[in-house]
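J.: Sharing a model prediction with you, sequence too.
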Amino acid sequence: MPMDKQSALQMIADISNANGAPGFEDEVVRVLRTHAQGLGELREDTLRNFYIHRRGNRGGRPVVQLDAHTDEVAFMVQAVKPDGTLRIIPLGGWVTSNIPAHKVWVRNALGQYIPGITASKPPHFLSEAERRSLPEMSALSVDVGAVSARDAVENFHIRIGEPIVPDVTFRYDEAHGLMEGKSFDCRLGCAAMLATLRELEGEDLQVDVVGACAAQEEVGTRGAVVTARTVRPDVAIIFEGCPADDTCVEPYMVQTAIKRGPMLRHIDARMITHPRFQRLALDTAARHGIPVQEAVRSGGSTNGASIHLSGQGVPCIVVGIPVRYAHTHYGLSAWSDFENAVRLACAILRELDGETIRGF
């Protein structure tokens, strides 16, 4: 059935706002489970990978895995300092200069997320050398307002090993078609997966489809190792919230701009995209008038890194929704790019059959 924009935006907001540091994706999975009702058989594994076996799967047909990841770049409490502030370690790839002076949620021993602020030495106390260099991770902290280690532990219920996530609320700018929020890498991908399955409800495809929302992508595509073993796909479509480059590279190198359609990468640091599957995706987009971008990336990676090396090898493509300022507290993305990512995935799934897949 056609995608309802307001319902989709509410789904994106719910998924984006959920707290889900790598290894602590439980809240995200609860939200996904709510929005996936009616799409098929739902289940989880011990890593908190979440699976959707599409209603209408018959067995005995090629299996297409739809992938996205549920975690977000975050932090973990490493120690409580004598002054009551928290020493932290990163979960995922951060640039340290982007960390200070932002609001965060810190999970405590009671399971509550309490507010905190990422902190660094005030400029009044910096040496000239410190002013000219990026801060070391060890020089950053989170302040929940405690005045001593005892206060932090006894009154704020802080304990080590707990996750810390950005405190950002999703917002949509209708006039300009822009979405702003946290964890768009890869909650936009999770939402696109659900929207694709919703769009295809009741259609008779020539393949079986299993959605797999994987945990712990930001710390080495770990969840996808398990999802690929579990689903055992013949081919896979990886949804990703990919870093936009339209504000940071020379104009001729822009390959991942917002409002120009989803990005299909030919290569990144850990996967050469399957050329024949990639060509089918690009040709399908052209036939259906779906705007897409092509990219050649020397860095970065996706769950495709693990999935394409599973079994006897799995042809993969990446459908990336451009996100400005990925791996910071805030992301900025275009509704039209999300919408066209779903259109493209649906068009590809309608075309795939056994003969086409064997041709890969």
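T.: Ah, there it is. Numbering: from 1, shown residues only.

J.: ok, residues contacting the helix or strand of the chain with the lowest mean pLDDT?
T.: Within the chain, no helix or strand scores below helix 128-131, which has a mean of 84 by mean pLDDT, DSSP states H and E. With contact meaning C-beta atoms under 8 Å, 6 or more residues apart in numbering, helix 128-131 is reached by K121, P123. Heads up, the C-betas are built off the backbone N, CA and C, glycines and all.

J.: Just give me how far whichever helix or strand comes after it sits from the chain centre.
T.: Going down the chain from helix 128-131, the next helix or strand is strand 141-143, by DSSP states H and E. On the basis of C-alpha atoms, centre = their mean, to the nearest Å, strand 141-143 sits 25 Å off its chain's mean C-alpha point.

J.: by contact count, what packs against strand 141-143?
T.: Counting contacts by 3 or more C-beta pairs under 8 Å, 6 or more residues apart in numbering; DSSP states H and E, strand 141-143 is packed against strand 86-91, strand 113-119.

J.: Can you identify the element that follows the first one toward the C-terminus?
T.: Sequence order places strand 103-107 as the next helix or strand after strand 86-91, per DSSP H and E.

J.: Point out the most buried one among the helices and strands packed on strand 141-143.
T.: Of all the helices and strands packed on strand 141-143, strand 86-91 has the most neighbours on average by mean count of other C-beta atoms under 10 Å, namely a mean of 20.

J.: Restrict that one to CA atoms and write it as PDB.
T.: Presented in PDB, the C-alpha positions along strand 86-91 are these (Å, rounded to 0.1, in the frame of the first residue of the first chain):
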ATOM      1  CA  LEU A  86      32.200  10.800  34.500                       C
ATOM      2  CA  ARG A  87      35.100   9.600  32.400                       C
ATOM      3  CA  ILE A  88      33.800   8.100  29.200                       C
ATOM      4  CA  ILE A  89      34.900   6.000  26.200                       C
ATOM      5  CA  PRO A  90      33.500   6.300  22.700                       C
ATOM      6  CA  LEU A  91      31.200   3.600  21.200                       C
END
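
J.: which neighbours does it have in its sheet, and in what orientation?
T.: Sheet neighbours of strand 86-91, with direction, are listed as strand 74-80 (antiparallel), strand 141-143 (antiparallel) (DSSP bridges).

J.: tell me the mean pLDDT for it?
T.: Strand 86-91 shows a mean pLDDT of 98.

J.: what is the orientation angle of that strand with strand 113-119?
T.: Between strand 86-91 and strand 113-119, the angle comes out at 90 degrees (axes from the mean of the first three to the mean of the last three C-alpha atoms, to 10 degrees).

J.: in the stretch 1-150 of the chain, what spans have low per-residue confidence?
T.: For the stretch 1-150 of the chain, the stretches flagged by pLDDT under 70 are 1-2.

J.: same thing but 80
T.: Residue ranges of the stretch 1-150 of the chain with pLDDT under 80: 1-3.

J.: Kindly state the domain boundaries assigned to this structure.
T.: What automatic domain parsing lists as the domains of the chain is 5-72+182-359, 74-166.

J.: Out of those, which is the most enclosed?
T.: Mean neighbour count (mean count of other C-beta under 10 Å) peaks for domain 5-72+182-359 among the domains of the chain, with a mean of 21.

J.: Check the separation of the first and last residues in it.
T.: 36 Å (C-alpha to C-alpha, to the nearest Å).

J.: same check, this time on stretch 121-141
T.: Using C-alpha to C-alpha, the end-to-end distance of stretch 121-141 comes out at 9 Å.

J.: Over to stretch 198-209?
T.: Using C-alpha to C-alpha, the end-to-end distance of stretch 198-209 comes to 12 Å.

J.: pLDDT of it, averaged?
T.: When pLDDT is averaged along stretch 198-209, the result is 97.

J.: repeat for stretch 309-316
T.: In this model, stretch 309-316 has an average pLDDT of 98.

J.: My guess is I348 contacts F239. True?
T.: No: using C-beta atoms under 8 Å, I348 and F239 do not qualify as a contacting pair, with a distance of 11.9 Å.

J.: Which is the succeeding secondary structure element to the helix or strand harbouring R350?
T.: Using DSSP H and E, R350 maps to helix 335-351. Later in the chain than helix 335-351, the nearest helix or strand by DSSP H and E is helix 354-359.

J.: Can you show me the CA trace of stretch 283-290 as CSV?
T.: Provided in CSV are the C-alpha atoms of stretch 283-290 (Å, rounded to 0.1, in the frame of the first residue of the first chain):
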residue,chain,number,x,y,z
ASP,A,283,19.2,0.6,-14.3
THR,A,284,16.1,0.0,-12.3
ALA,A,285,16.3,3.6,-10.9
ALA,A,286,16.7,5.0,-14.4
ARG,A,287,13.7,3.0,-15.8
HIS,A,288,11.5,4.2,-13.0
GLY,A,289,12.7,7.8,-12.9
ILE,A,290,14.0,7.5,-9.4
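
J.: and for that stretch, what are the contacting residues?
T.: For stretch 283-290, the surrounding residues in contact (C-beta under 8 Å, 6+ apart) are G261, L264, P291, V292, N340, R343, L344, A347, I348, E351.

J.: What mean pLDDT does it get?
T.: Mean pLDDT, stretch 283-290: 98.
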